[in-house]
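[1] this one's sequence-less:
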């Protein structure tokens, strides 16, 4: 990628986009935008690469996101998608479900989706159905830039995917849930180092 390459960084969550802007602030060839991955505001065949990291499993309609990614890629373009694979190897992303269970809340909808694409055969077929000519699929482990329990839990609780579940709870229930998640995160971070 040369100096004339334009990078477009998007997210639906303003917090995550702000984080990306801070990390990439010295680059002049990066545009930022709050964008819904199921309704991309870009012309057909306008990109040669498309990378979505830990997004596909969070969208309400992964097939639509895949189709949108294919639509904006030029012929011969390459797309890459990272999704959660095996819950046993993704301790950070079991924090919320474990915390909800600890206080008797149902598993949040956002968490139910976290591992919905762990079936590699199904995911490969979804990519092919969206019009991709080849699909390579494997499990990935997340190396999160979030290092403290507060950062991890805060990111989960601020994510757009969690908002519908949190809106169904009283302020007191949200606080109890948050404290349970902090306790769970602290235990998992301590265990995992």
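    Happy to help now that I have it. What you see is a predicted model; the values in this text were computed from it and never measured. Numbers count the residues shown, from 1 in each chain.
[2] residue ranges with poor pLDDT in this protein?
    Applying pLDDT under 70 to the chain flags the ranges 1-3, 85-89, 110-114, 139-146, 191-193.
[3] quick one, helices of it?
    14-23, 62-72, 95-102, 109-114, 120-129, 149-158, 163-167, 171-192 (DSSP state H).
[4] Can you lay out those as TSV showing mean neighbour count and distance to residue 34?
    C-beta here means a position set from N, CA and C on the backbone, and glycine is covered the same way. Below are those laid out as TSV (neighbours: other C-beta atoms under 10 Å; distance: least, C-beta to C-beta, whole Å):
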stretch	mean neighbour count	distance to residue 34
helix 14-23	13	6
helix 62-72	20	16
helix 95-102	20	23
helix 109-114	18	18
helix 120-129	15	25
helix 149-158	18	14
helix 163-167	14	15
helix 171-192	15	24
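[5] mind putting those in JSON lines, distance to residue 42 included?
    Formatted as JSON lines, the helices of the chain follow (distance: least, C-beta to C-beta, whole Å):
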{"stretch": "helix 14-23", "distance to residue 42": "16"}
{"stretch": "helix 62-72", "distance to residue 42": "5"}
{"stretch": "helix 95-102", "distance to residue 42": "32"}
{"stretch": "helix 109-114", "distance to residue 42": "25"}
{"stretch": "helix 120-129", "distance to residue 42": "19"}
{"stretch": "helix 149-158", "distance to residue 42": "26"}
{"stretch": "helix 163-167", "distance to residue 42": "26"}
{"stretch": "helix 171-192", "distance to residue 42": "36"}
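[6] between the ones you listed, which gets nearest to residue 82?
    Comparing the helices of the chain by their distance to residue 82 (C-beta to C-beta), the top pick is helix 120-129, with 11.1 Å.
[7] Out of the helices of the chain, the one nearest residue 36 is which?
    helix 62-72 (9.0 Å).
[8] packing partners for that closest one?
    Packing partners of helix 62-72 (3 or more C-beta pairs under 8 Å, 6 or more residues apart in numbering; DSSP states H and E): strand 47-53, strand 73-82, helix 120-129.
[9] Let me know the angle separating the last one from strand 73-82.
    What that stands for is helix 120-129. Helix 120-129 and strand 73-82 are oriented at 160 degrees to each other (axes from the mean of the first three to the mean of the last three C-alpha atoms, to 10 degrees).
[10] quick check, distance from helix 120-129 to the centre of its chain.
    18 Å (C-alpha atoms, centre = their mean, to the nearest Å).
[11] Give me the helices and strands touching it, please.
    With contacts taken as 3+ C-beta pairs under 8 Å, 6+ apart, helix 120-129 sits against helix 62-72.
[12] try the first one
    For strand 47-53, the contact count by 3+ C-beta pairs under 8 Å, 6+ apart identifies helix 62-72, strand 73-82 as packing neighbours.
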